[in-house]
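Enquirer: What follows is a protein structure lacking sequence information:
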């Protein structure tokens, strides 16, 4: 029997792309775009594996897992985070929330199929860099509770834009990566700089680097 998969991401184009990459290797039983629709799909379809974006409307991927656990919607389902973010606090928080693995959206189709298979069998799946975050966290060398209070001022989308800009992405590249317009990127960037009381991309890169967000 093929592995039954639920895709949870707030971008319809990305969900369609993932479905196409997976092809006939698994059975995609449903898609969801936010926390409520994800929990409903879990209750209705009881998938083997959920491909779960970390940042979602309604509370994020961790909230999906929390509600699934609290309601008993699909207790046997395993969760594999699939996110644009590879920041330490996202990886650690998602694993603490109950995910069995964490991969980024740079993963290839065959690699993703293999990761789904391993998670379905009960294995934990991480890239080497992300696995290092988890090991550091449980060794006590990373403060898990909150990397910085300043992050609480940013929305989930602003955090995504902030990290990409801090890594040197151009506005056009950020827009393509996040499936949003360049004007929206500019708006988010202005908001990030204002909230963090920074004045330039250079200052933002240094701020993010100091907090191990890159």
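Expert: Received, thanks. Quantities reported herein were computed from a predicted structural model and do not represent experimental measurements.
Enquirer: Run a quick neighbour tally on the spatially closest residue to residue 105 that is not a sequence neighbour.
Expert: Counting by CB to CB, 6 or more residues apart in numbering, residue 84 is the residue found nearest to residue 105 once chain neighbours are left out, at 5.0 Å. Every C-beta, even on glycine, is put in place using the N, C-alpha and C of the backbone. If you count neighbours by other CB atoms under 10 Å, residue 84 ends up with 20.
Enquirer: quick one, what contacts residue 84?
Expert: The contact partners of residue 84, taken as CB atoms under 8 Å, 6 or more residues apart in numbering, are 104-105, 160, 164, 177-178.
Enquirer: Which one of these sits in the busiest neighbourhood?
Expert: residue 160 (23 neighbours).
Enquirer: quick one: that one and residue 83 touch, right?
Expert: No - Residue 160 lies out of contact with residue 83 (CB atoms under 8 Å); the separation is 9.0 Å.
Enquirer: Could you list the low-pLDDT ranges of this protein?
Expert: Residues of the chain meeting the criterion pLDDT under 70: 133-149, 212, 214.
Enquirer: Where do the strands of it begin and end?
Expert: Counting by DSSP state E, the chain has strands at residues 4-8, 27-32, 49-52, 78-83, 101-104, 125-126.
Enquirer: Which residues are in contact with each of residue 160 and residue 83?
Expert: With CB under 8 Å, 6+ apart as the test, residue 160 and residue 83 both reach residue 55.
Enquirer: quick one, which of the strands of the chain is nearest to residue 70?
Expert: Residue 70 lies closest to strand 78-83 among these, at 14.5 Å (CB to CB).
Enquirer: Show me what the closest one is packed against.
Expert: strand 49-52, helix 61-71, helix 88-97, strand 101-104, helix 109-120 (3 or more CB pairs under 8 Å, 6 or more residues apart in numbering; DSSP states H and E).
Enquirer: could you dump those to a markdown table with distance to residue 79?
Expert: Shown next, in a markdown table, are the helices and strands packed on strand 78-83 (distance: least, CB to CB, whole Å):
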| stretch | distance to residue 79 |
| --- | --- |
| strand 49-52 | 5 |
| helix 61-71 | 6 |
| helix 88-97 | 8 |
| strand 101-104 | 8 |
| helix 109-120 | 8 |
